[in-house]
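S.K.: Okay, structure incoming, though there's no sequence with it:
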């Protein structure tokens, strides 16, 4: 299932982010505690004329991990190389990247939980001692070549911090968790993005879009684009609350940002499994959706809203979920006899 509120990055996001991405920490909205720590970290590193310590960023998709890495690089006045865990297939791929880094440059690895163990083992000496151990040849004649590499900063991002191995996790000097955003911060992001895109939007419309953005900047920017398209055709380009509401109604997004897939998950849990507890595999099989998609994309937001509760026995729908869908809770259902 693909939808405007899907927080996974698409090709259009990459173009959009280049335009809308904050240029410094002051422009970066939300995540205030993370920003305060980063300001001190960056200032101290610049005074010592050293690279920043290795940083691990984790949190749900679309919360600004990649954007924050670009901001850190800009604040440090250094270059940024971007890659991802699945893209580094062989040890030679990583060796090529590391040996081509400049002094003080930042290497950003997205989806770092998908690095294979062999790649991780090469990263350990590179992160700690800025050395690269390469094995040349095979069998009895094999020998290890130690290469010095420039001092660099690794910024790794993941949606599954628990999937990282302990040795890799322990080598990061700082670990930051990015939380879902407050509606006020999302509203500011939407207003800033609208200004950059040259879109006229009133305060009520910005607040409404923020409320429907799943507390996620990437989703907010995508919904702003959809509202802009609707306004262009229906209202001479101006986005009002009514126009924003109509645009999202056409996309089947409700006032909390829930889309058809979210409602299907909740209804399945309530109607087929009597509200739970139900296992993730059972829910996924019932709606013909991938388990990882439910766990990584839909479930974090439904848990944030308090609609789904994880228990040792499985997922349980809360009374809030019943009420949002207009269904009677188990307590309200009277026995027939």
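M.R.: Looks like it came in fine. The structure displayed is predicted, hence computed values, not measured ones.
S.K.: now residue 167: how far from residue 109?
M.R.: Distance from residue 167 to residue 109, counting by CB to CB, to the nearest Å: 16 Å. Every residue, glycine included, has its C-beta placed from N, CA and C.
S.K.: So which of those two has more stuff around it?
M.R.: Higher neighbour count among residue 167 and residue 109: residue 109, with 24 against 12, using other CB atoms under 10 Å.
S.K.: thought that one was touching residue 152?
M.R.: No. Using CB atoms under 8 Å, residue 109 is not in contact with residue 152; the gap is 11.7 Å.
S.K.: what's the overlap in contacts for these two?
M.R.: With contacts taken as CB atoms under 8 Å, 6 or more residues apart in numbering, residue 109 and residue 152 have no neighbour in common.
S.K.: The spatially most central residue of the chain is in what secondary structure piece?
M.R.: Closest to where the C-alpha atoms of the chain average out (CA atoms, centre = their mean) is residue 61, at 2.1 Å. Assigned by DSSP states H and E, residue 61 belongs to no helix or strand.
S.K.: Quick check, pLDDT for it.
M.R.: At residue 61, the pLDDT value in this model is 84.
S.K.: what's the distance between it and residue 297?
M.R.: For residue 61, the distance to residue 297 - CB to CB - is 7 Å.
S.K.: before we move on, what about residue 321?
M.R.: Computed with CB to CB, the distance linking residue 321 and residue 297 is 17 Å.
S.K.: which of those two has more neighbours?
M.R.: Taking other CB under 10 Å, residue 321 and residue 297 do not tie; residue 321 has more neighbours (27 against 24).
S.K.: Backbone dihedrals for the nearest residue to that one once chain neighbours are set aside, both of them.
M.R.: Nearest-residue entry for residue 321: residue 307, 3.9 Å, with adjacent residues in sequence omitted and distances by CB to CB, 6 or more residues apart in numbering. Main-chain dihedrals, residue 307, degrees, to the nearest 10: phi -90, psi -30.
S.K.: Count residues in the vicinity of residue 307, would you?
M.R.: Neighbour tally, residue 307, other CB under 10 Å: 24.
S.K.: Help me confirm that it comes into contact with residue 315.
M.R.: No. Checked against CB under 8 Å, the pair residue 307 and residue 315 is beyond contact range at 10.1 Å.
S.K.: just to revisit the earlier point, how near is the residue nearest to the centre of the chain to residue 190?
M.R.: In this view, residue 61 and residue 190 are 19 Å apart by CB to CB.
S.K.: likewise residue 271?
M.R.: Distance from residue 271 to residue 190, by CB to CB: 35 Å.
S.K.: okay, those two: which has more neighbours?
M.R.: Each of residue 271 and residue 190 has its neighbours counted (other CB under 10 Å); residue 190 has more, 28 against 13.
S.K.: Now the more buried one: which helix or strand?
M.R.: helix 183-197.
S.K.: Name the residues of that helix that are buried.
M.R.: The neighbour-count check on helix 183-197 (16 or more other CB atoms under 10 Å) flags 185, 186, 187, 188, 189, 190, 191, 192, 193, 194 as buried.
S.K.: count of neighbours near residue 40?
M.R.: Neighbours of residue 40 using other CB under 10 Å come to 9.
S.K.: With residue 161 instead?
M.R.: 15.
S.K.: circling back to that earlier point, list the contacts of the helix holding residue 190.
M.R.: Outside helix 183-197, the residues that touch it by CB under 8 Å, 6+ apart are 19-20, 27, 29-30, 181, 200-201, 206-207, 209-211, 213, 215-217, 220-221, 224-225, 228, 239.
S.K.: out of those residues, which are inside strands?
M.R.: Counting by DSSP state E, the part of the contacts of helix 183-197 found in strands is 200, 201, 239.
S.K.: pLDDT at the first one, what is it?
M.R.: Model confidence at residue 200, given as pLDDT, is 87.
S.K.: So it versus residue 28, what's the distance?
M.R.: 24 Å.
S.K.: Give me the more crowded residue out of those two.
M.R.: Per other CB under 10 Å, whichever of residue 200 and residue 28 has more neighbours is residue 28, with 24 against 15.
S.K.: That one and residue 34 touch, don't they?
M.R.: No. With contact defined as CB under 8 Å, residue 28 does not count as touching residue 34 (9.1 Å).
S.K.: what touches both of the two?
M.R.: In contact with both residue 28 and residue 34: residue 68, using CB under 8 Å, 6+ apart.
S.K.: Distance of the residue nearest to residue 321 relative to residue 236?
M.R.: Per CB to CB, residue 307 is found 38 Å from residue 236.
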